[in-house]
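In: the sequence isn't on hand, but the structure is:
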């Protein structure tokens, strides 16, 4: 087995980035509450609307408006922290406001073929590769579905994806594709089987989930009802918003923040009203429209400001945050991808994001590449070291060692050096060797070294097997829900 997971960025003493002043933070929060009270959100589920009306929301057709006090009291019910458990307890992740965790990014419909380097539709086999490589990379803490299992039947595709991930990783899985009540019930059944039952899953949720709003200001009924299925089972159920400035959100960055914040708070208020105390989180992948191409403009300065400000808003509401990170617009793992993802990761770190999603995507989240995931993990490892800061204990100040060496000496053979040298950051992919060695190796670029690491990890990494009989039980659950959905 490869290195144990690095998992976390330490946020306690890290430098901070806070783009919103206290007054600006209050203004955005106040404007979001006005939007929810005056404009409201469209809620696609009649059942959910009826229950919200009983609880005191104002319902008019499919439109639901929430008084500010309603939202504030509901959001206050959400726990400030909880555990994202893993199949291997060594990979458990406490959401406590003091750590930042990296995931792979999610649900790309296309894969950059690791053999041919050609873009193609993704399959369940691709998801298995992505998942096993993510399990091997110590910097990856938890797993979204990096690519979709495009060869699985649509209604139960999320269950096939979860089946693949449970077999190919010991880490926590965050399910982003199970957006119907049927898929959510199937996912809960599978997680209970692996965790050891309903109460075991509630105590140690090896699965979490999230639902996405349809910007502007709309929630599909199935998505909300799926969130309730998860919440009632004790599975953390977050909400992630993905508005696009100039298209599905206002052109101004402040307007994007107001709408993003309103949509997240609406989802969480609905969840906490109907399942009080349910673990949830505040997620945002807000971005802008490229005015030249009409495509999503991932990687620009607006995205970086959104990352930081939305992480700030999540903290001000007392909620764990999941912030879209590393979604470069580059078509391959190149200079552009490195700059955009390096800046993005740094901003998410300085903003105090607790879940950073995620590694591996190219072309504005359309294409997944294994070598890009390795390079993103390398960036995260560097940032993790940066977040550790500089210790100034008596041992670290090294006055004694400096005295032993004295003027004109060197520290290479000193005991102090031997005791501390492995604390220095060492790259796995980035090249810091000699020019001559680089030329002798054929002048490899970082991408070539990343591809070598992909091959080495996939060849050597072993994932702990599921218990005897568990694969067959998971297959039985998938088949049962496929039959319920009317698909083969």
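Out: Yep, it's here. Not measured: the values here are computed from a predicted model.
In: any idea how this protein splits into domains?
Out: Domains of the chain are assigned by automatic domain parsing as 8-18+76-387, 394-423.
In: which of the ones you listed sits most buried?
Out: Of all the domains of the chain, domain 8-18+76-387 carries the top mean neighbour count, a mean of 22, counting by mean count of other CB atoms under 10 Å. Any C-beta I mention is one placed from the backbone N, CA and C, and that applies to glycine too.
In: so for it, what's the average pLDDT?
Out: Mean pLDDT, domain 8-18+76-387: 94.
In: please state the offset of that domain from the chain centre?
Out: Relative to the chain's own centre, domain 8-18+76-387 is displaced by 3 Å; criterion: CA atoms, centre = their mean, to the nearest Å.
In: do the same with stretch 402-410
Out: Counting by CA atoms, centre = their mean, stretch 402-410 comes out at 47 Å from the chain centroid.
In: residues in contact with that stretch: which ones?
Out: For stretch 402-410, contacts defined as CB atoms under 8 Å, 6 or more residues apart in numbering pick out 411, 414, 416.
In: switch the cut-off to 6 Å
Out: Identification of contacts with stretch 402-410 by CB atoms under 6 Å, 6 or more residues apart in numbering yields residue 411.
In: out of the domains of the chain, the one nearest residue 39 is which?
Out: In terms of CB to CB, the element of the domains of the chain nearest to residue 39 is domain 8-18+76-387, at 6.6 Å.
In: from the centroid of the protein, which residue is nearest?
Out: residue 357 (3.1 Å; CA atoms, centre = their mean).
In: where's that one, which helix or strand?
Out: strand 355-359 (DSSP states H and E).
In: what packs against the following helix or strand past that strand?
Out: Once strand 355-359 ends, the next helix or strand along the chain (criterion: DSSP H and E) is strand 361-362. Other helices and strands packing on strand 361-362, by 3 or more CB pairs under 6 Å, 6 or more residues apart in numbering; DSSP states H and E, are absent; none qualifies.
In: so residue 206 touches residue 85, yeah?
Out: Yes: at 5.1 Å, residue 206 counts as touching residue 85 under the criterion of CB atoms under 6 Å.
In: who touches residue 328 in this structure?
Out: Taking CB under 6 Å, 6+ apart, we find residue 328 in contact with 299, 337, 340, 341.
In: helix/strand/coil for the first one?
Out: In this case it means residue 299. Counting by DSSP: H, G, I helix; E, B strand; the rest coil, the backbone at residue 299 sits in coil.
In: how much space separates it from residue 74?
Out: Residue 299 sits 35 Å away from residue 74, going by CB to CB, to the nearest Å.
In: can you map out the strands along the stretch 51-200 of the chain?
Out: In the stretch 51-200 of the chain, the strands defined using DSSP state E, counting those that start in this stretch lie at 58-60, 63-65, 82-84, 93-95, 99-104, 110-112, 119-121, 140-143, 172-175.
In: tabulate those strands (TSV), appending distance to residue 162.
Out: Formatted as TSV, those follow (distance: least, CB to CB, whole Å):
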stretch	distance to residue 162
strand 58-60	34
strand 63-65	31
strand 82-84	15
strand 93-95	18
strand 99-104	14
strand 110-112	19
strand 119-121	20
strand 140-143	10
strand 172-175	6
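In: so which of those strands comes closest to residue 440?
Out: Of all those, strand 110-112 comes closest under CB to CB, at 28.4 Å.
In: okay, now the sheet partners of that closest one, with direction.
Out: Using DSSP bridges, the strands paired with strand 110-112 are strand 119-121 (antiparallel), strand 367-368 (parallel).
In: any chance of those strands in TSV, with distance to residue 425 too?
Out: TSV is the format used below for the strands paired with strand 110-112 (distance: least, CB to CB, whole Å):
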stretch	distance to residue 425
strand 119-121	33
strand 367-368	27
